[in-house]
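Enquirer: can't give you the sequence, but here's the structure:
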Ligand SMILES: Nc1ncnc2c1ncn2[C@@H]1O[C@H](COP(=O)(O)OP(=O)(O)OP(=O)(O)O)[C@@H](O)[C@H]1O
Ligand code: NI
């Protein structure tokens with residue numbers, strides 16, 4: 001039996017805007033197993049980033065986590081609901097046990113500080129080194145670990161002295177500096193060109209193998225999913241519509257939305273960046289469609305779909321779908 005490291009239940013986030021309440025994610029539930037790469041996939045605006053940020057309460061006003069629990073299983077066997085922790089307790093876990101790397105290295109790195117300083121900072125803040133001197137020394141090792149050539153000199157570089165691919169390696173370095181148990185990567189390669197993308201994905205796989213880190217990967221790119229993930233959750237308009245292994249999702253997609261997504265990408269190993277060829281548009285989340293949120297775009301819509309929200313059901317071992325067809 002795979003052992004869960006995270007159990008997410010009924011996670012719901014609303015944004016209280018002037019235009020109305022944006023129901024960004026609604027009763028999202030999934031497990032992440034220790035040591036796996038778990039992908040969250042779906043079109044732009046479906047709620048991948050909000051979901052991943054909510055896991056450690058990283059939701060800023062006007063957003064609010066209105067419901068749910070995120071049970072984190074520590075290696076010593078203890079468990080904690082991350083949503084019940086106070087600001088200091090969650091800050092202590094975030095960046096140390098659960099780390100994030102974001103899409104855009106330009107926005108993730110501060111132009112005013114050397115890359116060595118920025119890698120050392122995370123270790124100093126979380127007391128995983130005893131002082132800045134040790135932090136700078138470790139930063140050289142981390143640059144080496146993320147395969148930056150000549151790390152002794154590169155550690156003194158400012159971000160503008162590096163290429164985009166190098167900067168993203170540094171961002172990954174800041175993410176893995178404290179050897180997190182869970183690494184959350186939000187579109188880690190989208191801002192990079194294709195050859196650099198492949199190198200960064202390879203680097204993430206290498207780090208994962210070396211440290212048995214659990215990875216949560218957010219992407220709209222099915223090619224990246226096929227290459228990296230063990231299991232996949234497909235999101236649509238703030239809800240999870242299907243969860244399964246990579247094989248189950250690619251070979252036997254059950255939800256009409258997943259089927260549409262895969263038809264939009266005939267060869268999952270081709271690097272295609274946009275998945276927006278399903279007819280219709282993603283609904284407005286202030287007044288989302290009733291029942292199944294996909295029903296206005298669904299080629300197999302039935303009467304019940306407009307009225308009743310489908311729950312996730314296990315159709316074959318490990319393969320869940322939220323659809324009234326099943
Ligand atoms: N600060 C905010 N105020 C209002 N609505 C927000 C805010 N942040 C996110 N949302 C809404 O939450 C929904 C989910 O957004 P999210 O960023 O999680 O999507 P995503 O799947 O990560 O998309 P992308 O692939 O573009 O990164 C969107 O409808 C978005 O408009
Ligand atoms: Ni996002």
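Expert: Everything's here; your move. In this text the structure is predicted, and so the values were computed from the model without any measurement. Ligands and ions are numbered 1, 2, ... in the order given.
Enquirer: check which helix or strand covers residue 215.
Expert: Taking DSSP states H and E as the criterion, residue 215 maps to strand 214-219.
Enquirer: what packs against that strand?
Expert: In this structure, strand 214-219 makes packing contacts with strand 20-33, strand 37-41, helix 48-54, strand 182-186, helix 222-228, judged by 3 or more Cβ pairs under 8 Å, 6 or more residues apart in numbering; DSSP states H and E. (Glycine included, C-beta is placed from N, CA and C.)
Enquirer: per-residue confidence at residue 307?
Expert: Looking at residue 307, its pLDDT is 94.
Enquirer: Kindly report the residues of the stretch 101-250 of the chain close to ligand 1.
Expert: Residues of the stretch 101-250 of the chain that fall close to ligand 1, judged by Cβ under 6 Å from any ligand atom: residue 220.
Enquirer: The residue in the stretch 51-200 of the chain positioned nearest to ligand 2: how many residues sit nearby?
Expert: Nearest to ligand 2 in the stretch 51-200 of the chain, going by Cβ to the ion, is residue 186, at a distance of 5.8 Å. Using other Cβ atoms under 10 Å, residue 186 has 19 other residues around it.
Enquirer: how about the closest residue to it other than its chain neighbours, what does it touch?
Expert: On the basis of Cβ to Cβ, 6 or more residues apart in numbering, the spatially nearest residue to residue 186 that is not a chain neighbour turns out to be residue 218, at 4.6 Å. Contacts of residue 218 were listed using Cβ atoms under 8 Å, 6 or more residues apart in numbering, and they are 39, 40, 41, 48, 49, 52, 184, 185, 186, 187.
Enquirer: correct me, but the first one touches residue 226?
Expert: No: the pair residue 39 and residue 226 does not pass the contact test of Cβ atoms under 8 Å, sitting 9.4 Å apart.
Enquirer: Extract the residue ranges of the stretch 1-150 of the chain that are flagged as low pLDDT.
Expert: 105-106 (pLDDT under 70).
Enquirer: Pull up the residues of it that are close to ligand 2.
Expert: Residues of the stretch 1-150 of the chain found near ligand 2 (Cβ under 5 Å from the ion) are 48, 49.
Enquirer: what about the strands in the stretch 1-150 of the chain?
Expert: Shown for the stretch 1-150 of the chain, the strands assigned by DSSP state E, counting those that start in this stretch span residues 4-17, 20-33, 37-41, 63-73, 79-81, 98-101.
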